[in-house]
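Undergrad: sharing a sequence plus its predicted fold:
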Amino acid sequence: MRVGDPLDTCLPGGDAATDALARTVLALAGAAAELSHLVSRGALEGALGAEIGEGHEAGDAQRALDVVADDLFFRALADAPVAAVASEEREGVVVLDERAPLAVAVDPLDGSSNIDINAPVGAIFSIMDAARDAPAEAPFLAPGTRQRAAGIVVFGPATTMLLSVGRGVDLHVLDRASGAFRLARADVRVPVSAKEFAINASNRRHWEPGLEAWFEHCLAGRDGPLARDHNMRWIASLVAETFRIFTRGGVYLYPADQRKGYERGRLRLVYEGKPVAFLTEQAGGLATDGRRRILDLEAGSLHERCPFVFGSREMVETIGSYLSGSRPG
Ligand SMILES: O=P(O)(O)OC[C@H]1O[C@](O)(COP(=O)(O)O)[C@@H](O)[C@@H]1O
Ligand SMILES: [Mg+2]
Ligand SMILES: [Mg+2]
């Protein structure tokens, strides 16, 4: 595998199981490439960022582009060896072909509140083995350790994909001339230690005391208990924050807070938490709900939320120690 190689030559193959996985990844990458083109046309595509209806299944405001993106992924997966698909934009699991070997969870458009302001949005996917003699929902609710592959795509100045098929994480970039994703960096690692954190600090008054103490100590910089100057970011796009953490380290938090509806944070375990946690661990980072490893969690339902903390190992561990009270506040 060398820099510049097209995605299809970088995927495992040779037996039925790995061939099915490769076909499914390529179908998802094809849909992401189409979506990237659409997103890059911005307002020329009309009011794709406009809010529509009452909100999607996960309860947030749905935008026209959310629906277009969802449709693109479903059309691409119709020709892939996929038994069932769970999407942020649909209430239940959609069964495509009961005999097919794989199941796919997708957040077709992540960070969609960024569309109007021309800031990065993207897509998230997770691939598992399909249910055998069990309800179609079963693979989606199972612990994230069962994922076969996961990826995020960011539609930024470049369209980039972080992909893991369970043997590290590779970075692929969309080559617009050929329409194919190409390998840009193999075996991307999340730096173990870093100083950048991302959290929506406007919610601070709703946080639990341990989290406030950690935040306060970050702001105190090198003179405070953490003895380090920190830097803050909030792009309001999980995929973009993930990409930053994979390139220069850091931590992202969407914690539980006391606002109504945020008792378990904001993000969705099945199609946001689990795939990002899979990528993070594959790159040497950590992903928790503040206390427990995300990949060990079972979901009670498809659109269940989970508090989410992920990124550089040392930073996630430090936050865990504040939340568990093992560190003086
Ligand atoms: O608007 P807030 O509360 O800061 O939340 C932003 C977070 O919500 C999300 O946009 C949720 O994703 P969706 O856009 O798919 O609903 C994350 O990407 C982002 O980190
Ligand atoms: Mg999302
Ligand atoms: Mg979304």
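TA: Happy to help now that I have it. Ligands and ions are numbered 1, 2, ... in the order given.
Undergrad: name the residues of stretch 25-44 that are buried.
TA: Of all the residues in stretch 25-44, those buried under the rule 16 or more other Cβ atoms under 10 Å are 25-36, 38-39. All C-beta atoms are positioned from the backbone trio N, CA, C, and that covers glycine.
Undergrad: ok, now stretch 64-76?
TA: Under the neighbour-count criterion of 16+ other Cβ under 10 Å, stretch 64-76 has 64-70, 72-74, 76 buried.
Undergrad: does that stretch reach ligand 3?
TA: No - counting by Cβ under 5 Å from the ion, ligand 3 has no neighbours in stretch 64-76; the shortest distance is 6.0 Å.
Undergrad: again, but for stretch 231-241
TA: No - using Cβ under 5 Å from the ion, we find that stretch 231-241 stays clear of ligand 3, coming within 9.0 Å at best.
Undergrad: and the end-to-end length of that stretch?
TA: Terminal residues of stretch 231-241 are spaced 14 Å apart (Cα to Cα, to the nearest Å).
Undergrad: ok, whichever residue of the stretch 201-329 of the chain sits closest to ligand 1 - how many residues close by?
TA: With Cβ to the nearest ligand atom, the shortest gap between the stretch 201-329 of the chain and ligand 1 falls at residue 238, namely 3.4 Å. Residues lying near residue 238 (other Cβ atoms under 10 Å) number 25.
Undergrad: ends of stretch 265-279, what's the gap?
TA: Across stretch 265-279, first to last residue, Cα to Cα, it's 20 Å.
Undergrad: what average pLDDT does it get?
TA: For stretch 265-279, mean pLDDT is 98.
Undergrad: that older thread, just grab the bridge partners of the closest residue to the residue of the stretch 201-329 of the chain closest to ligand 1 other than its chain neighbours for me.
TA: Spatial nearest neighbour of residue 238, chain neighbours left out: residue 110 (5.4 Å); criterion: Cβ to Cβ, 6 or more residues apart in numbering. Partner residues in beta bridges with residue 110, using DSSP bridges, are residue 122.
Undergrad: now the strands for the stretch 101-250 of the chain?
TA: With DSSP state E, counting those that start in this stretch applied, the stretch 101-250 of the chain shows strands at 102-110, 121-129, 149-155, 159-164, 170-175, 180-185, 196-198, 231-233, listed in chain order.
Undergrad: what average pLDDT does the top helix by length along the chain get?
TA: The longest helix of the chain (DSSP state H) is helix 16-40. In this model, helix 16-40 has a mean pLDDT of 96.
Undergrad: closest approach to ligand 2 from the stretch 201-329 of the chain, which residue is it?
TA: Closest approach between the stretch 201-329 of the chain and ligand 2, counting by Cβ to the ion: residue 272, at 5.1 Å.
Undergrad: could you report the neighbour count for that residue?
TA: By the measure other Cβ under 10 Å, the count of residues near residue 272 is 26.
Undergrad: these two touch, right, it and residue 107?
TA: Yes - Residue 272 lies in contact with residue 107 (Cβ atoms under 8 Å); the separation is 5.7 Å.
Undergrad: now do the shared contacts for those two.
TA: Common neighbours of residue 272 and residue 107, using Cβ atoms under 8 Å, 6 or more residues apart in numbering, are residue 124.
Undergrad: residues from the chain in reach of ligand 1?
TA: 60, 88, 107, 110-113, 200, 236-238, 266 (Cβ under 6 Å from any ligand atom).
Undergrad: which ones are touching residue 154?
TA: Residue 154 neighbours (Cβ under 8 Å, 6+ apart): 120-122, 160-161, 237, 239-240, 242-243.
Undergrad: ChimeraX command to pick out the buried ones of those?
TA: Per 16+ other Cβ under 10 Å, the buried members of the contacts of residue 154 correspond to this ChimeraX selection:
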select :120,121,122,160,161,237,239,240,242,243
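Undergrad: most widely separated two among the contacts of residue 154?
TA: Pairwise distances across the contacts of residue 154 peak at 15.0 Å for 161 and 237 (criterion: Cβ to Cβ).
Undergrad: what is the burial count for the closest residue to residue 69 other than its chain neighbours?
TA: Spatial nearest neighbour of residue 69, excluding adjacent residues (Cβ to Cβ, 6+ apart): residue 108 at 3.7 Å. Applying other Cβ under 10 Å, we find 27 residues neighbouring residue 108.
Undergrad: again, but for residue 96
TA: Counted with other Cβ under 10 Å, residues neighbouring residue 96 total 21.
Undergrad: contact partners of stretch 206-223?
TA: Residues from elsewhere that reach stretch 206-223, judged by Cβ under 8 Å, 6+ apart: 197, 199, 201, 204, 224-226, 228-230, 232, 253, 255-259, 262, 290, 318-319, 322-325, 327, 329.
Undergrad: done for today, thanks.
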